[in-house]
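Q: My questions are about this predicted structure, shown below with the sequence.
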Amino acid sequence: MSDALDWLSDNAWVPWLGLALVNGIIETTTLDLVFLMLAGGAVAGAIAAILGASFLVQALVAIGTSAALLGVVRPVAKRHLRTPVGTRTGVAALVGRRASVVERVDGHGGRVKLAGEIWSARSYDGRAVIEVGASVDVVEIQGATALVYEAEGP
């Protein structure tokens, strides 16, 4: 028994890393970043143990680091995780936009002015015929062709 205690006193960082591992595993089930911050505190406790600090100092370092991570890092990380998926870019940004017909659009083709550019277009349902000057909404982009339907309202 004394050999185990001697080993533990020589390797006081091991329980801290074990605690960090357990907190990391729990975090994978909660995904709330609380246990991840506690794991960071346990890692700080392990570093203090490696540097030869007493158990009281190790515990204070672990608690202080956990509190700082929970109070400062977690809110910032949560804010970044909650941001919208991002502004759509490329052709995905054109879906839902309004365009105006510059050449009659039907199920076979036509042209629309979309985002300041002339695009080839087809009616979304393949049957509608949309005359020049009408406003259309972009439903989908297939390659370089906008699939559109006639807009309702202004």
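A: On my side now, so go ahead. Note that the structure is a prediction, hence the values are computed from the model and not measured. Numbers count the residues shown, from 1 in each chain.
Q: Residue 54 and residue 140: what is the separation?
A: Using C-beta to C-beta, to the nearest Å, one gets 66 Å for the distance from residue 54 to residue 140. Placement of C-beta: from N, CA and C, glycine included.
Q: Name the residue in those two with the higher neighbour count.
A: Between residue 54 and residue 140, counted using other C-beta atoms under 10 Å, residue 140 has the larger neighbour count: 14 against 11.
Q: ok, and the closest non-adjacent residue to the more buried one?
A: With C-beta to C-beta, 6 or more residues apart in numbering as the criterion, residue 140 has its nearest non-adjacent residue at 4.3 Å, and that residue is residue 147.
Q: Look up how far residue 135 lies from that neighbour.
A: Separation of residue 147 from residue 135 (C-beta to C-beta): 15 Å.
Q: what's the helix or strand for residue 17?
A: Per DSSP states H and E: residue 17 is located in helix 13-30.
Q: I'd like the average pLDDT over that helix.
A: Over the span of helix 13-30, the pLDDT mean works out to 94.
Q: mind giving me the domain ranges of this structure?
A: According to automatic domain parsing, the chain comprises the domains 2-82, 90-150.
Q: which residue is nearest the middle of this structure?
A: For the chain, the residue sitting closest to the mean C-alpha position, by C-alpha atoms, centre = their mean, is residue 81 at 5.2 Å.
Q: Tell me which helix or strand that one sits in.
A: Assigned by DSSP H and E, residue 81 falls within helix 74-82.
Q: Residue 97 against residue 138, yeah?
A: Yes. Taking C-beta atoms under 8 Å as the contact criterion, residue 97 and residue 138 are neighbours in contact, 5.2 Å apart.
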